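A.B. asks: the sequence and its predicted three-dimensional model are supplied below.
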Amino acid sequence: MAQTVSIKEVARLADVSVGTVSNVLNRPEKVAESTRIRVQTIIEQTGFVRSESARQLRAGSSRMLAMLVLDMGNPFFVSVAKGAERAARDAGLGVMLGNSAGRADEEAYYLSLFAEQRVRGVLVTPADHSGRHVRDFARHGIPFVHVDRMVPESEGCSVSVDDVVGGTLAVRHLLAAGHRSVTYISGPMGLPQCRDRHAGALAALAEAGLPADALRHVEAARLDVASGIDAGARLLGLRDHPTAVFCANDLLALGVLQSLYAAGVRVPDDMAIVGYDDIEFAAAAVVPLTSVRQPSARMGRTAAELLIEETGEEAADHRHRAIVLQPELVVRGSSLRRPA
């Protein structure tokens, strides 16, 4: 293993003080050009890397944000993370990523780890519906922003999408196509996103003068493809098949599509499908998937910008905000034909 070069060794080889090397690294404008070039040459030759933990102790702040997402297996959260990473990079910061996988115990583990690392701030999509772990984390005094979850401004900043509007867009589209037998396939209804999308679907029925019981509901164990396949099989087991399905996310919808395809059910001729998120795979499905698009990358970037503002030089002027972005419906082949 190669020996780590210390800042003292760099100073000795460059024939300068340790303070001069520190200035080259942190305040280069204070060092004469010839000295700066000599020190930088030694740094390049020796492969010296500054200790970020030591720098953090001296400066009293970290250059790392942390992000805890609900499911890194979902391309939606990958896109959110990319948006956050881009904003952090533009500000000269990095992002440490954790995946709770929808588990409260994993959420508690990562929040504790982020606190130990004294990160600059945290972007979090809570897995614990009670919010207990986030409230516990708040005691450390590290700023945080809720992502894909709206909270009162008194509890901090948040960036979310209006999922009630999204659910309304999806079911309004199906009703406009002539469907009167619609089933909503959700993940666990403990998730606010699933509840809000269901509320939006009911709002579309009320808008059309239809009763709430015109919408049937199948609750899946998780928001993934495997759960969608299982939900599709349960759907086919119903006495009267619906003519249309609205799924709480695209992974569920793609699973349902697989299940229907395997059973010989034609989409959209026999059953229309609408998903949610508009992940990259939606347009590439065997039947291109109609989906409610969330501005995922914008959500991540906006959340990171709020966190950077709260932890930056103008933090004293920061005011918590709850930013709600708007979804849009992207219509593709999975919902285009009218029922017979």
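C.D. replies: On my side now, so go ahead.

A.B. asks: how about the helices in this structure?
C.D. replies: In the chain, the segments counted as helices under DSSP state H are 7-14, 18-26, 33-46, 52-59, 75-90, 104-117, 132-138, 163-176, 192-207, 225-236, 250-262, 280-284, 296-311.

A.B. asks: so which of the ones you listed is nearest V69?
C.D. replies: Closest to V69 of these, according to Cβ to Cβ: helix 75-90, at 4.3 Å. The way it works is simple: take the backbone N, C-alpha and C, and place the C-beta from them, glycine included.

A.B. asks: which parts of the closest one are buried?
C.D. replies: 75-81, 83-85, 87-88 (16 or more other Cβ atoms under 10 Å).

A.B. asks: tell me the angle that helix makes with helix 296-311.
C.D. replies: Angle of helix 75-90 versus helix 296-311, following axes from the mean of the first three to the mean of the last three Cα atoms, to 10 degrees, is 40 degrees.

A.B. asks: quick check: mean pLDDT of helix 75-90?
C.D. replies: In this model, helix 75-90 carries a mean pLDDT of 96.

A.B. asks: check which helices and strands that helix sits against.
C.D. replies: strand 64-69, strand 94-99, helix 296-311 (3 or more Cβ pairs under 8 Å, 6 or more residues apart in numbering; DSSP states H and E).

A.B. asks: partner strands of the first one, with direction?
C.D. replies: The partner list of strand 64-69 in its sheet, established with DSSP bridges, is strand 94-99 (parallel), strand 121-124 (parallel).

A.B. asks: in a markdown table: those strands, plus mean pLDDT.
C.D. replies: Below are these laid out as a markdown table (pLDDT from 0 to 100):
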| stretch | mean pLDDT |
| --- | --- |
| strand 94-99 | 95 |
| strand 121-124 | 96 |
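
A.B. asks: relative to D224, which of those strands is closest?
C.D. replies: strand 94-99 (13.4 Å).

A.B. asks: quick one: low-confidence residue ranges for the stretch 51-200 of the chain.
C.D. replies: Low-confidence segments of the stretch 51-200 of the chain (pLDDT under 70): 51-61.

A.B. asks: same thing but 90
C.D. replies: 51-63, 116-118, 128-132, 135-141, 151-155 (pLDDT under 90).
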